[in-house]
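**Student:** Test case, fold it:
(chains A and B)
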Amino acid sequence: MSPHRLTRRQRTNRIRNRIINAGKKGISIKQIARLERISLNRTYYYLRFIRMRKRGARIKRLGKKYYYVKPRELETPKPTIRGNVELRGYFNYSSSTHPSSDIEIDCVIIVPNEQQAIIAGSEQITQKVKQRLGAKLASRLKFGVSEATPSSTNHFLFRRRGGELVEF
Amino acid sequence: MNSSEIKLDLDNYSPQQLIRFIWSRWGFIFRFRWPGFGRLRVKSIDVRKTRHGYHIRIWVRNRIPSRELNFLQLALGSDYRRECMNLRRIISVKRMKSWNILYHYKFSGSGDLTSHETSDARLAKKIAGLIKTFQTRNRLLAPPTRLRTPSRFPSGRNTPKPATEVKNWAK
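**Tutor:** Take a look at the predicted model:
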């Protein structure tokens, strides 16, 4: 093997470290490709292996950039302080033929106004919905970020068939 | 719960159409004293462009009750589906305190950005000018009073500062 060639594991570790070192700023796929001197397609190929590993380090994408989300950040709820934003995970489905399958999900958590924290928050909401309502609904969640007000609080609500809201 | 922030979601408008719409509609609303909150006294305006149209935030000195605010937003031309859903939240979901939401950005579970706000200071300035024109008309109804410069944006230090401030608003 040529001394300039790296094994898959070596290349994957290098890319993972680049994402971790990018920290709050994150790193785009083009930046990784240029620094590693490999093609974009090849970079996507290696990223697939990084993202396949569920345990330990988590690499998440928001827009064009990849961020490293520490596993412990998924668990700590953030208190309401100034400079925070409201992250809402929502899903509304109303069937015209089967009203029994109507569902509304509305989950809100307050997070610091940082991309990393927002991704960690979205992951937290997804996990919570996954536990309570299943993976299929969790995968269909959409997220929105808006400014936090003094009245905003964390809540996880859902309702089926237009009934009462249930907290989970 | 009373609020002093009007949030409008105006979809499918070009800047010219938006100005024409505001010119034709808003004068009437800004002219009169309305039950519940009185005549609107604007502090500042922020306009942001989104994927489908514009998000406009208007900070006023009045304290507007929830249902009146919902109706006012509809009258000012905000998306009717959004306002209908807001009304539903106000009436049926008592636990939902923050019912009036405009997202800075939206993303899917896979991390794709579906919508993103970008500031449009030029349009904000134009709209502020229009409101000032309505304000000048109001001077015939009520004498103008010099107001203090608006205080800092209420939501926090990381939130963006309003693009344009409207001064000398008639009381």
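**Student:** can we go C-alpha only for contacts and neighbour counts from here?
**Tutor:** Noted.
**Student:** give me the low-pLDDT residue ranges for chain B?
**Tutor:** Along chain B, segments meeting pLDDT under 70 span B:1, B:93-97, B:137-171.
**Student:** Please, where are all the helices along it?
**Tutor:** Counting by DSSP state H, chain B has helices at residues B:15-31, B:66-75, B:80-92, B:121-138.
**Student:** Taking helix B:15-31 as reference, get the angle to the longest one.
**Tutor:** For helix B:121-138 against helix B:15-31, the angle between stretch directions is 30 degrees (axes from the mean of the first three to the mean of the last three Cα atoms, to 10 degrees).
**Student:** ditto for the third one
**Tutor:** Between helix B:80-92 and helix B:15-31, the angle comes out at 40 degrees (the same axes, to 10 degrees).
**Student:** Just confirm yes or no for helix B:80-92 near chain A.
**Tutor:** No. Taking Cα under 8 Å from any Cα of the partner chain as the criterion, helix B:80-92 and chain A are apart, separated by no less than 9.2 Å.
**Student:** Please save the CA atoms from that helix in CSV.
**Tutor:** This file holds the C-alpha atoms of helix B:80-92, laid out as CSV (Å, rounded to 0.1, in the frame of the first residue of the first chain):
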residue,chain,number,x,y,z
TYR,B,80,-55.3,32.9,7.4
ARG,B,81,-54.4,29.2,8.1
ARG,B,82,-51.8,30.4,10.7
GLU,B,83,-54.3,32.6,12.4
CYS,B,84,-57.0,29.9,12.4
MET,B,85,-54.6,27.5,14.0
ASN,B,86,-53.5,30.3,16.5
LEU,B,87,-57.2,30.8,17.5
ARG,B,88,-57.5,27.1,18.1
ARG,B,89,-54.4,27.2,20.3
ILE,B,90,-55.7,30.2,22.3
ILE,B,91,-59.1,28.6,22.9
SER,B,92,-58.6,24.9,23.2
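**Student:** A:Phe91 is nearest to which of the helices of chain B?
**Tutor:** A:Phe91 lies closest to helix B:80-92 among the helices of chain B, at 13.5 Å (Cα to Cα).
**Student:** Is any residue of stretch A:47-65 near chain B?
**Tutor:** Yes. For stretch A:47-65, a contact with chain B is found by Cα under 8 Å from any Cα, at A:60-64.
**Student:** residues near A:Arg51, how many?
**Tutor:** 14 (other Cα atoms under 10 Å in any protein chain shown).
**Student:** Just the C-alphas of the helix or strand hosting it, formatted as CSV.
**Tutor:** Here A:Arg51 sits within helix A:40-52, counting by DSSP states H and E. Extracted in CSV, the C-alpha atoms of helix A:40-52 (Å, rounded to 0.1, in the frame of the first residue of the first chain):
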residue,chain,number,x,y,z
LEU,A,40,-17.0,15.0,-2.3
ASN,A,41,-18.4,11.6,-3.2
ARG,A,42,-15.6,9.9,-1.3
THR,A,43,-16.3,12.2,1.7
TYR,A,44,-20.0,11.3,1.7
TYR,A,45,-18.9,7.6,1.6
TYR,A,46,-16.8,8.0,4.7
LEU,A,47,-19.4,10.1,6.5
ARG,A,48,-21.8,7.3,6.1
PHE,A,49,-19.6,5.0,8.1
ILE,A,50,-19.2,7.6,10.9
ARG,A,51,-23.0,8.2,11.1
MET,A,52,-23.7,4.4,11.1
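**Student:** next structured bit after that helix?
**Tutor:** That would be, after helix A:40-52 and using DSSP H and E, strand A:58-62.
**Student:** Can you get me the centre-to-centre distance for that following strand and its chain?
**Tutor:** Offset of strand A:58-62 from its chain centre (Cα atoms, centre = their mean, to the nearest Å): 6 Å.
**Student:** Which residues of chain A lie near chain B?
**Tutor:** Of all the residues in chain A, those in contact range of chain B (Cα under 8 Å from any Cα) are A:60-64, A:82-84, A:113, A:122, A:139-152, A:165.
**Student:** So which of those residues are in helices?
**Tutor:** In helices, defined here by DSSP H, the members of those are A:122, A:139.
**Student:** Given the lengthiest strand in chain B, what are its sheet partners and their directions?
**Tutor:** Taking DSSP state E as the criterion, chain B has its longest strand at strand B:53-64. For strand B:53-64, sheet partners with direction are given as strand B:3-11 (antiparallel), strand B:42-49 (antiparallel), following DSSP bridges.
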